[in-house]
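**Student:** okay, predicted coordinates and the sequence, questions at the end:
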Amino acid sequence: MIWLYKRFSDGKPLDYHSAQLINYVIKNAYQSDFSFKNLEKTLNEYFSIKKPPTAEELKKAKVFLEKEYVQERIGQTKI
């Protein structure tokens, strides 16, 4: 499917059945554009508007992480 989609996105000719499949996928599937360039752009946009955490948010995060650590340690305990 990836090869077929690549041909389609490059504008290369497709036979009838391949074109039907691509048409179905485009209408019914979720497309995710993953590339490191796109990831970098998205993260830069996100962090450029992200405010530093408040003291209350940091406190909640610390409590959460401590609970996770304890749960992980309990899970590793052999009885």
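**Tutor:** Received, thanks. Since the structure is predicted, the reported quantities are computational estimates derived from the model, not experimental observations.

**Student:** use CA for all of it now, contacts and neighbours both
**Tutor:** OK.

**Student:** residue ranges with poor pLDDT in this structure?
**Tutor:** For the chain, the stretches with pLDDT under 70 are 31-34, 76-79.

**Student:** and the helices in it?
**Tutor:** For the chain, the helices defined by DSSP state H cover 2-9, 16-28, 36-49, 55-76.

**Student:** any chance of those in CSV, plus mean neighbour count?
**Tutor:** CSV is the format used below for the helices of the chain (neighbours: other Cα atoms under 10 Å):
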stretch, mean neighbour count
helix 2-9, 12
helix 16-28, 12
helix 36-49, 10
helix 55-76, 11
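
**Student:** how much space is there between Leu14 and Trp3?
**Tutor:** For Leu14, the distance to Trp3 equals 11 Å [Cα to Cα, to the nearest Å].

**Student:** kindly report the same for Lys12.
**Tutor:** Per Cα to Cα, Lys12 is found 11 Å from Trp3.

**Student:** so who does Ser18 touch?
**Tutor:** Listed by Cα atoms under 8 Å, 6 or more residues apart in numbering, the contact partners of Ser18 are Leu4.

**Student:** measure it to Gly11 for me?
**Tutor:** Ser18 is 13 Å from Gly11, by Cα to Cα.

**Student:** over to Glu57?
**Tutor:** With distances taken as Cα to Cα, Glu57 is found 49 Å from Gly11.
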